[in-house]
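> no sequence on this one, just coordinates:
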Ligand SMILES: NC(=O)N[C@@H](CC(=O)O)C(=O)O
Ligand SMILES: [Zn+2]
Ligand SMILES: [Zn+2]
């Protein structure tokens with residue numbers, strides 16, 4: 001593996017520096033950070049990169065990815081999904097548990113973890129299911145998953161809501177023993193029976209069954225109170241409404257240990273897009289109104305929302321190329337997340353690149369309890385997990401040419417800013433010159 005000498009990159013968008021990754025005695029770590037032109041090439045094989053204009057960020061960490069393996073390898077595999085993650089600038093992803101079989105035992109989470117190690121594109125941290133089979137009836141063996149090789153700390157029935165308040169309470173109590181967190185998919189099931197899109201003016205006009213904001217907000221309100229009552233840690237998945245932002249803001253002011261995520265699509269897109277009945281825009285929770293999008297941006301800017309998580313949800317063509325009501329919920333996001341955050345938050349002046357490093361790397365690593373290895377500062381001696389971004393580039397999204405095995409991007413044909421030029425995982429380039437690099441290449 002060569003060392004890399006990155007000339008004149010801008011860590012967190014700050015002043016240019018030279019950065020050296022790896023070299024004798026510093027394998028896998030950041031070896032030097034110097035004023036531009038002052039870095040000394042290490043002995044041995046060195047690749048020099050002209051980094052003028054490039055922003056360096058710590059490798060991105062996704063707390064919410066669906067890799068679909070085991071069971072739905074027609075939509076994605078650990079290999080294809082993590083290659084897509086590297087292409088998007090990620091060095092770690094948390095893989096959701098709604099696979100087939102469900103990741104509800106030590107055996108399945110270890111299998112997913114091992115597949116991630118073998119693929120080598122990013123570190124894969126399996127999420128464990130809260131309930132057996134995601135059926136919401138019996139707690140899964142959370143302790144066994146925590147103690148397994150996969151060291152699970154994040155537990156979620158994502159795709160489904162843990163709607164029984166007694167089970168939710170027990171799960172919150174149980175994970176305290178190993179510093180775990182329950183990541184809730186907040187969707188009151190009775191209020192969303194048959195729901196197809198956000199309940200509002202557009203759903204009434206086009207005649208699709210509504211998914212009211214209150215179905216999300218009622219669960220978040222209940223869960224922050226449960227987290228307070230038992231003194232445990234709650235994470236709110238893909239929060240999408242103004243009311244949800246307000247509840248989390250209230251809970252944080254009260255000192256409740258709650259964290260929240262927003263997806264790129266809820267930062268950018270609205271329910272108006274359902275008018276064309278194109279199932280690309282069908283997702284859980286649904287795309288909401290422009291006012292909700294504004295509230296989510298405000299929440300991310302003021303720290304109420306801790307992180308951006310992709311909720312990358314690949315689906316094969318036959319589950320998306322059909323009429324709206326029959327189509328699966330979900331959209332891909334790993335390869336466009338950073339660009340959407342740039343467009344909605346950085347280019348609008350609402351977040352700095354240092355903030356982006358926090359919401360897409362530092363904070364998700366802390367919430368997922370992997371901050372000993374990921375989401376670290378860009379400093380000498382730290383693991384060389386980095387992404388180099390060209391914020392001046394523009395590109396047109398095409399699902400057919402992405403690394404993910406599925407084409408259900410909601411941004412098809414759209415021009416977005418920013419491009420990942422290189423991704424480094426412990427000093428190895430997983431992406432170079434904008435293209436994925438096989439480990440043995
Ligand atoms: N977001 C989605 O619409 N779908 C996700 C499940 C989920 O995140 O709730 C999926 O697994 O396809
Ligand atoms: Zn979900
Ligand atoms: Zn999800």
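Nice, thanks for sending it over. All figures in this text were calculated on a predicted structure; none of them were measured in a lab. Ligands and ions are numbered 1, 2, ... in the order given.
> can you give me the end-to-end distance of stretch 169-186?
With C-alpha to C-alpha, to the nearest Å as the measure, the ends of stretch 169-186 fall 15 Å from one another.
> return the distance of that stretch from the chain's centre.
19 Å (C-alpha atoms, centre = their mean, to the nearest Å).
> wondering if it reaches ligand 3 at all.
No. Stretch 169-186 lies out of reach of ligand 3 by C-beta under 5 Å from the ion, never closer than 6.8 Å. Heads up, the C-betas are built off the backbone N, CA and C, glycines and all.
> tell me which residues of that stretch come out buried.
Of all the residues in stretch 169-186, those buried under the rule 16 or more other C-beta atoms under 10 Å are 169-172, 174-175, 180-186.
> so which of the residues you listed sit within helices?
169, 170, 171, 172, 174, 175 (DSSP state H).
> looking at the buried residues of stretch 169-186, which two lie furthest apart in space?
174 and 186 (19.6 Å; C-beta to C-beta).
> ranges for the helices of this structure?
78-87, 106-119, 142-147, 165-175, 201-206, 213-230, 242-253, 264-268, 290-301, 317-320, 337-341, 353-357, 363-367.
> domains of this structure?
Using automatic domain parsing, the domain ranges for the chain come out as 3-56+380-436, 59-367.
> check the offset of the longest one from the chain's centre.
Remark: domain 59-367 is offset 8 Å from the chain centroid, using C-alpha atoms, centre = their mean.
> repeat that for the shortest one.
Domain 3-56+380-436 has its average C-alpha position 19 Å from the chain's average C-alpha position, going by C-alpha atoms, centre = their mean.
> still on that earlier bit, with distance to ligand 2 added, can I get the helices of the chain in JSON lines?
Below are these laid out as JSON lines (distance: least, C-beta to the ion, whole Å):
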{"stretch": "helix 78-87", "distance to ligand 2": "16"}
{"stretch": "helix 106-119", "distance to ligand 2": "18"}
{"stretch": "helix 142-147", "distance to ligand 2": "19"}
{"stretch": "helix 165-175", "distance to ligand 2": "15"}
{"stretch": "helix 201-206", "distance to ligand 2": "20"}
{"stretch": "helix 213-230", "distance to ligand 2": "10"}
{"stretch": "helix 242-253", "distance to ligand 2": "13"}
{"stretch": "helix 264-268", "distance to ligand 2": "12"}
{"stretch": "helix 290-301", "distance to ligand 2": "15"}
{"stretch": "helix 317-320", "distance to ligand 2": "16"}
{"stretch": "helix 337-341", "distance to ligand 2": "16"}
{"stretch": "helix 353-357", "distance to ligand 2": "23"}
{"stretch": "helix 363-367", "distance to ligand 2": "16"}
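> okay, these in a markdown table with distance to residue 409 and mean pLDDT next?
Output for those, formatted as a markdown table (distance: least, C-beta to C-beta, whole Å; pLDDT from 0 to 100):
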| stretch | distance to residue 409 | mean pLDDT |
| --- | --- | --- |
| helix 78-87 | 11 | 99 |
| helix 106-119 | 22 | 98 |
| helix 142-147 | 31 | 98 |
| helix 165-175 | 33 | 98 |
| helix 201-206 | 21 | 98 |
| helix 213-230 | 24 | 99 |
| helix 242-253 | 25 | 99 |
| helix 264-268 | 10 | 99 |
| helix 290-301 | 18 | 99 |
| helix 317-320 | 10 | 97 |
| helix 337-341 | 11 | 99 |
| helix 353-357 | 21 | 99 |
| helix 363-367 | 22 | 99 |
